[in-house]
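Prediction below, plus the sequence it came from.
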Amino acid sequence: MADHEGVPTQSRRVLVTGLGTFWGGRVAQALEADPNVEVIVGLDTTEPTVELERTEYVRVDANYSILARIVRATQVDTIIHTFLVVDPTQMSRRAMHEINVIGTMNLFAAASAAGSTVRNVIVKSSTMIYGCAPEDPVWFSEDTPRSRPSRQPIERSLDAVEGYVRDFAEDNPHVNVALLRFSNVIGSELETPLTRLLKLPLVPSIFGFDPRFQFVHEHDVIRSILFAFDNDLPGVFNVAGDGLLPWSEVAALCGKRTIALPPIGTGFVTRPFRQLGLVDLPEEYEGLLRFGRGVDNHRLKDLGFRYEHTSAEAIEAFIRSVRLRNAVGDSEPSYRYERDVEQFFRHSPAVLRDRSQP
Amino acid sequence: MTPMPNRETRSGAAPRATPRTRTTRNQPLVDVTPPAAAGSVGLPDLEPSPHVNHAALVPVPRESAAEGHTDPDLLDDRRISDVNEWGRSEHMREIARRLYDPVYKHWFRAEWEGLEKIPEGGALLVANHAAAIPSDAPVIMHGIEKELDRPVYGLADNFFRTLPMIGTLWSRLGGLPAHPDNAFRLLQEQGQLVLVFPEGTKGPAKTYDERYQLRRFGRGGFVEIAMRAGVPVIPIAVIGAEESMPTLFRIPYLARALRLPYASVTANMLVGGPLGAISYFPAKFRLKVLDPVHFDVPTNRERYSRSRVMDESEAIRDTIQAALYTMLRERRSVWFG
């Protein structure tokens, strides 16, 4: 084969869930640039927030009740499941359960239906699944069981999700299932409870504790999803940057001082601030601020994946963007989804399309 | 997907020449040979698409041009503290060494024998454990760091980690929760010295009339760790710690109320009052490094023969016990050695 031509070896049809989220949008954008990808279908409850050239957006309800129909109609061979909520501050527990557990359940039900064409599934999970306890090892490998049973609703819902993933992988041995567990994601665009803490004038910490944190840059997250997509990786993989940094150093890298919260009754003390909306410290992060968490990223690296950022570099990328935003203010979102416009570009005979030829 | 022939320029995507031995323990979700095993990762080379250029967001490069950071030393250029992945800080350790050295030299007057038996590379140091607030751990760690100029990581009960301040300080000075994974990485991958007290909290909790009587050596986990990591166990016999803070009796109710592993009333408290609770008697410390124990077993196994592990553990316990008796026979005075 003449590889200089860049001839597509096999065209792929991809379904991306959570197209309206940061992750889904970015993954779809990157896939559009891939000539091997013939069709990209994006699902979400909300409209895409990034400009997309040829991705077909389908509005669905939070738990994907019409998914089986979509999978059958589009004959997709790959599902990239990015729509998992790991930020408990974004919505109620019920809504989170609906999206994470029920959504994933329906997704796999559709993917394993008779006559399904799905051959690859990539699921974006979180290292929150390992929990956070004093008896934890410094580094969790993919096989290390968590030390204590999960109590937090977010961890329980991730447990349930990974249970469905495991069942699906067992029942469908012909399907490549990649489960990617992402560490604390940070970067120039994404907002998480941790980035909100780091943007406060004084960064909260718990008195007497200086746990070590691991971060992964948002670009490395997208790149790892694409890496799993390109290589049809089966298995569970931790995705996290190299290195662990003490929380005090993370704050110092951001040019902030820390403010110590009492180690006993932390939740009680932060509650008024939380209610005033000043500090958004979910319970899940209290444990993290005590004991931290490190995950072993060697399994993915051994397969050839190269991280662009270490934990410290991811922090630096974050703080640079914060500095820029402080200087010039938040930029207006440059893109708004207009259904008619998007339909015109995709389907009007007036538009010359060279890429959309099958 | 059919892997495409690699271009020479894509060598960065090739798997590492020497995959970590540990990956043999990692099983994929479903048992399928990873594509990289074939030697080519087969990423299609993508032309930068003009479509991405007017995307709302900066395009994410698929494959980084630069070689990734595999060398942990490269991380340091952006770091502002020297806290390593285990939480140990050489800077903090240096301060502690300076403060502790007079105690080591003039209060405990620690004397070592057989330090040359500690080999290069990873080794699991195993010692007897005593004193209500164990005085043996700092003496061993300080002694080896001073004499051999090598860091020692101490594995301890994870109870420490739950204490504010103390937990952080303990971690910065080289303490770690006693998790087999931690020990494995330190010993096998990083060739460090790891100190462990197999008696656990049962050692320091024992009363003065039980002094120098070794408790049960746990479930032999330390032997299994050494076997898995393929490193020798170096037994160390310590005398002096028992007399530095002897326990008169225990108060189980108080321990339960405070959620401590044990609560003791020590002779130091009776002599020194509140200050005695945290100060040691000047007992003379003698430490004897015994012959390394090598296990002739394949490394990196999920499990080892239970009977073999227990036999080895028992044998090491007997060796330390015998050495303690010999040293006590030769000791003329608790205070002057």
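All right, it came through fine. Quick caveat: nothing in here was measured; it's all calculated off a predicted structure. Numbers count the residues shown, from 1 in each chain, chains lettered A, B, ... in the order given.

quick one, strands of the chain?
Because you didn't say which chain, this covers chain A. A:12-17, A:37-44, A:56-59, A:78-81, A:120-126, A:176-182, A:184-186, A:202-206, A:212-213, A:215-217, A:235-239, A:245-246, A:257-261 (DSSP state E).

let's do chain B instead
B:111-113, B:123-127, B:152-156, B:175-177, B:193-196, B:233-239, B:247-250, B:264-266, B:286-289.

Around the closest residue to chain A within chain B, count how many other residues there are.
Among all residues of chain B, B:Pro164 sits closest to chain A, at 2.4 Å; criterion: CB to the nearest CB. From N, CA and C alone the C-beta is placed, and that goes for glycine too. For B:Pro164, the count of nearby residues is 17 (other CB atoms under 10 Å in any protein chain shown).

rewinding a little: out of the strands of chain B, nearest to B:Arg331?
strand B:233-239 (6.5 Å; CB to CB).

Let me know the pLDDT of the closest residue to B:Pro134 other than its chain neighbours.
Nearest non-adjacent residue to B:Pro134, counting by CB to CB, 6 or more residues apart in numbering or on different chains: B:Pro204, 4.9 Å away. Predicted confidence (pLDDT) for B:Pro204: 89.

What's the local residue count around B:Pro204?
Count around B:Pro204 with other CB under 10 Å applied: 25.

before we move on, what about B:Pro298?
Other residues within reach of B:Pro298, judged by other CB under 10 Å, total 10.

ok, now how distant is it from A:Pro35?
Distance, B:Pro298 to A:Pro35, using CB to CB, to the nearest Å: 48 Å.

quick one: pLDDT of A:Pro246?
A:Pro246 carries a pLDDT score of 94 in this model.

quick one: contacts for it?
A:Pro246 makes contacts with A:Asp210, A:Pro211, A:Arg212, A:Phe213, B:Ser81, B:Val83, B:Gly87, as judged by CB atoms under 8 Å, 6 or more residues apart in numbering or on different chains.

again, only this time at 7 Å
A:Asp210, A:Arg212, B:Ser81, B:Val83 (CB atoms under 7 Å, 6 or more residues apart in numbering or on different chains).

What of B:Met165?
A:Gly208.

Distance-wise, check it relative to B:Trp86.
Between B:Met165 and B:Trp86 the computed distance is 19 Å (CB to CB).

and what of A:Asn36?
Counting by CB to CB - A:Asn36 and B:Trp86 are separated by 43 Å.

Compare the two (neighbour count), which wins?
B:Trp86 (23 against 19).

avg pLDDT for the longest helix along chain B?
In chain B, with assignment by DSSP state H, the single longest helix is helix B:306-330. For helix B:306-330, the mean per-residue pLDDT is 94.

Can you list the helices and strands that that helix packs against?
helix B:221-229, strand B:233-239, strand B:286-289 (3 or more CB pairs under 7 Å, 6 or more residues apart in numbering or on different chains; DSSP states H and E).

any idea of the mean pLDDT in the shortest one?
Yep, that's strand B:286-289 we're talking about. In the prediction, strand B:286-289 has an average pLDDT of 95.

List the buried residues for it?
For strand B:286-289, the neighbour count (16 or more other CB atoms under 10 Å in any protein chain shown) marks B:Arg286, B:Leu287, B:Lys288, B:Val289 as buried.

Check stretch A:35-45 too.
So for stretch A:35-45, counting by 16+ other CB under 10 Å, buried means A:Asn36, A:Val37, A:Glu38, A:Val39, A:Ile40, A:Val41, A:Gly42, A:Leu43, A:Asp44, A:Thr45.
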